[in-house]
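*Asks:* Any chance you can model this:
(one chain, ligands or ions: 1)
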Amino acid sequence: MTDQAPGLHLRGDLLLDGDVLLPGLALEVPPGAWGCLLGPSGVGKSTIGRLVAGLPGPQGLRGRFGTSDGHGTAGRVALMAQEGQLLPWASVLENVVIGARLRGQRPERDRARALLADLGLGGMERRRPGALSGGQRQRVALARTLMEDAPIVILDEPFSALDAATRLAMQDLAARALAGRTVLLITHDPLEAVRLAHHCWLLGQGGAIALDLPPAAPLRAHDDPQTLAAQAALLTRLQGAAAA
Ligand SMILES: Nc1ncnc2c1ncn2[C@@H]1O[C@H](COP(=O)(O)OP(=O)(O)OP(=O)(O)O)[C@@H](O)[C@H]1O
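*Replies:* Here you go, the predicted model:
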């Protein structure tokens, strides 16, 4: 990483096409921590991700958004979007190094190969995305995001297509690979949130509610009694949010 990871703060009303989508947000992710967003489908999680990533679109903020070092986010964010957005005509390897190619830099293909091997995709470098399973495509998108070596990383449902065991393994790998980065994780999986997050918010019509997490620091063991209790409590909160 070429840059110290700054913290993120976002306060105010999230707008979509000028209308309030989520009022009164108060999100703060300290430097090097993982902040996690949970909430019902369509509530606005990806919209926040796109806002933080600085993408063009209908999203906006009536309030303040910035970094703890005051340098802003431009050029410092890597986003793994929900759809993965792989180039269908490019090989797995070329998809992973596309960021460097687009910037006119020399692609680090050996590093990309090593990353793909770590993600269980060794031997698939020459395949096209269309010849991969959904879970394999998701891991290619994760490899591409990790290749960016950005201080701020947004992961939008990064492991949703994976089987339970692979999901745990990829959470472990992501926690290791992104140590020291400031990460915004969007997920529907309460166990994932409890394992990985330092701070967690439940988004709903009324805004963002901060959720309790076990006192032990992440990465938390999936079978730790405190992890399991927090997962169950979170699930109950999500049930309540869905019924509201
Ligand atoms: N490009 C867009 N133009 C207009 N509205 C949009 C656009 N993208 C998303 N929306 C709307 O914004 C709202 C929030 O969408 P968003 O994708 O942020 O939800 P989400 O919480 O991430 O949902 P999910 O869990 O299903 O991914 C939804 O009502 C959606 O229809």
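*Asks:* Going by C-alpha atoms from here, please, whenever you check contacts or count neighbours.
*Replies:* OK.
*Asks:* Quick check: residues of the chain near the ligand?
*Replies:* Within the chain, the residues that sit near the ligand (C-alpha under 6 Å from any ligand atom) are Pro40, Ser41, Gly42, Val43, Gly44, Lys45, Ser46, Thr47, Pro58.
*Asks:* got the contact list for the nearest residue to the last one once chain neighbours are set aside?
*Replies:* Which is Pro58. Leaving aside its chain neighbours, Pro58 sits nearest to Asp17 (4.9 Å; criterion: C-alpha to C-alpha, 6 or more residues apart in numbering). Asp17 makes contact with Pro58, Gln59, Gly60, according to C-alpha atoms under 8 Å, 6 or more residues apart in numbering.
*Asks:* Spatially, which residue comes closest to the second one, not counting chain neighbours?
*Replies:* So that's Gln59. Using C-alpha to C-alpha, 6+ apart, the nearest residue to Gln59 is Leu16, at 4.6 Å.
*Asks:* and stretch 103-122, which residues are buried?
*Replies:* Under the neighbour-count criterion of 16 or more other C-alpha atoms under 10 Å, stretch 103-122 has Pro107, Ala112, Arg113, Leu115, Leu116, Leu119, Gly120, Leu121 buried.
*Asks:* Of these, which is the nearest to the ligand?
*Replies:* Leu119 (23.9 Å; C-alpha to the nearest ligand atom).
*Asks:* Neighbouring strands - and their directions - for the longest strand along the chain?
*Replies:* The residue-count maximum for a strand in the chain (DSSP state E) belongs to strand 19-29. Applying DSSP bridges, strand 19-29 is found paired with strand 8-16 (antiparallel).
*Asks:* Before I go, just wanted to say thanks for your time.
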